[in-house]
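J.: give me the fold of what follows.
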Amino acid sequence: MAALVGLFHSEQQQADGKMSALAVPEWPSGWLDGIKQLCELDSVHLSIPITGLGEDETMHVEICSSAWRESRLDVIQRRQPRIPSCRCGTAAARAMRTNQLVKYILFISCYLFWVASGVMIAVGLYAKLSKESGAVDSLLAEPSLIVIIVGVLTFTVTFVGCTGALRDMPLLLKMFAVMLLLIFVLQIVAVGVAFLFSGQVMDKAAFLMGKAIASYRDDLDLQNLIDYIQKKFQCCGVRSYQDWSRNEYFDCSISNPSLERCAVPFSCCVQEEEQNVLNTMCGYGTQNLKAWKAESMIHTGGCLEKIVTWGQSNLHLIAGLALGLLAMEVVIFFLAVTLIYQISFIIQKRTNVKRES
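T.: Model (predicted):
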């Protein structure tokens, strides 16, 4: 190609709507070969000195590789760099996307908790529907309802987070961040209240455990839970084995016609090493015995004290798990906030580009 012919628009000519053609002097062969090699790879943006064109004698031009493939060269004046019209927008498209690492780490984290909450809801519903008829008068005394409520709350929060992260929806991400922050604050407040008012917390726990003992025979799920706790911690009752008199079936009053009068559940019994058959009547009549005499047959210590002792001995494990959960919530929260700012920045950038064009 002996010479380059370019179409130039000056500011005055743009105002008049006219165009003029200018023949550019012949280029050295080395320049043309270099430009050809670059254009075969991708589009090229160059600043080429041309005499007689402005004070700095420099014009910004855009050369597209498609021009070489069509055996021609288009030279277009660019007073201010713009997004090129040729197929060279890969970098610009990437700049208009959110950080994929942040996006999918947030999505996977929410998805795992979402699946776990769905399993919790299914287990709670199965336990609720398959248990024997009868109800308890306290919500906190029915484990299946607690599992369902916690599962529904977790499912809702994580579903909002999953959808917002996957679809880049700032409104859902803001809702998710607010709910997560609220949960985090409530957890901190709960820990602080439990530490400052430990005596009242212990009394409340004892009251709720007493309510559970009173409803032992009314709810199969609750019965299995109490039996598990008493076997696990080798305890009986809330503060002592005589707390089982709160249950109408185990009440020691003379007017009680039950065969389990003055008894305790079999889960309170001391299991013999060679015992292969479970004796469900091992606790009959033990409430009438003194503690020193009954301790050879049943566990006489209360479960509340045993649970507190276990918590104190495993304080580092409990604190580590609690801090790990809180740290995970903080990381997920900042991932959501980061994604929100990235989406807002992209929206603002697209708006500015539309205004300029």
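J.: any regions of the stretch 101-250 of the chain where pLDDT drops low?
T.: Along the stretch 101-250 of the chain, segments meeting pLDDT under 70 span 130-143.
J.: repeat the analysis, applying 90 as the threshold.
T.: Applying pLDDT under 90 to the stretch 101-250 of the chain flags residues 123-148, 166, 168, 190-202, 204-205, 208, 212, 215, 217-222, 224-225.
J.: what are the ranges of the helices in it?
T.: Under the criterion DSSP state H, counting those that start in this stretch, the stretch 101-250 of the chain contains helices at 143-167, 170-196, 198-214, 220-233.
J.: got those helices as CSV, with mean neighbour count and distance to V330 columns?
T.: Glycine gets a C-beta too; all of them are placed from N, C-alpha and C. What follows is the helices of the stretch 101-250 of the chain, written out as CSV (neighbours: other C-beta atoms under 10 Å; distance: least, C-beta to C-beta, whole Å):
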stretch, mean neighbour count, distance to V330
helix 143-167, 19, 14
helix 170-196, 14, 7
helix 198-214, 15, 25
helix 220-233, 17, 32
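J.: who wins for proximity to I318 among those helices?
T.: helix 170-196 (11.1 Å; C-beta to C-beta).
J.: that closest one vs helix 143-167, what angle?
T.: Helix 170-196 and helix 143-167 are oriented at 140 degrees to each other (axes from the mean of the first three to the mean of the last three C-alpha atoms, to 10 degrees).
J.: mind giving me the packing neighbours of helix 170-196?
T.: If you count contacts as 3 or more C-beta pairs under 8 Å, 6 or more residues apart in numbering; DSSP states H and E, helix 170-196 packs onto helix 143-167, helix 315-356.
J.: got CSV for these, with distance to A116 too?
T.: Listed next are the helices and strands packed on helix 170-196 as CSV, based on distance: least, C-beta to C-beta, whole Å:
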stretch, distance to A116
helix 143-167, 7
helix 315-356, 13
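J.: in TSV, list the helices of the stretch 101-250 of the chain along with distance to Y104.
T.: TSV is the format used below for the helices of the stretch 101-250 of the chain (distance: least, C-beta to C-beta, whole Å):
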stretch	distance to Y104
helix 143-167	8
helix 170-196	14
helix 198-214	41
helix 220-233	39
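J.: mind checking which of those helices is nearest K103?
T.: helix 143-167 (5.7 Å).
J.: the closest residue to S258 other than its chain neighbours and F333: what is the separation?
T.: Closest residue in space to S258, ignoring its immediate chain neighbours: Y249 at 4.8 Å, by C-beta to C-beta, 6 or more residues apart in numbering. Y249 is 49 Å from F333, where distance means C-beta to C-beta, to the nearest Å.
J.: the more surrounded of these two?
T.: Counting neighbours by other C-beta atoms under 10 Å for Y249 and for F333 shows that F333 has the greater number, 18 against 15.
J.: my guess is the more buried one meets F184, correct?
T.: Yes. With contacts counted by C-beta atoms under 8 Å, F333 reaches F184, the gap being 7.1 Å.
J.: and the gap between the spatially closest residue to Y241 that is not a sequence neighbour and V189?
T.: Leaving aside its chain neighbours, Y241 sits nearest to T300 (5.0 Å; criterion: C-beta to C-beta, 6+ apart). Distance from T300 to V189, counting by C-beta to C-beta: 37 Å.
J.: over to F266?
T.: Applying C-beta to C-beta to F266 and V189 gives a distance of 40 Å.
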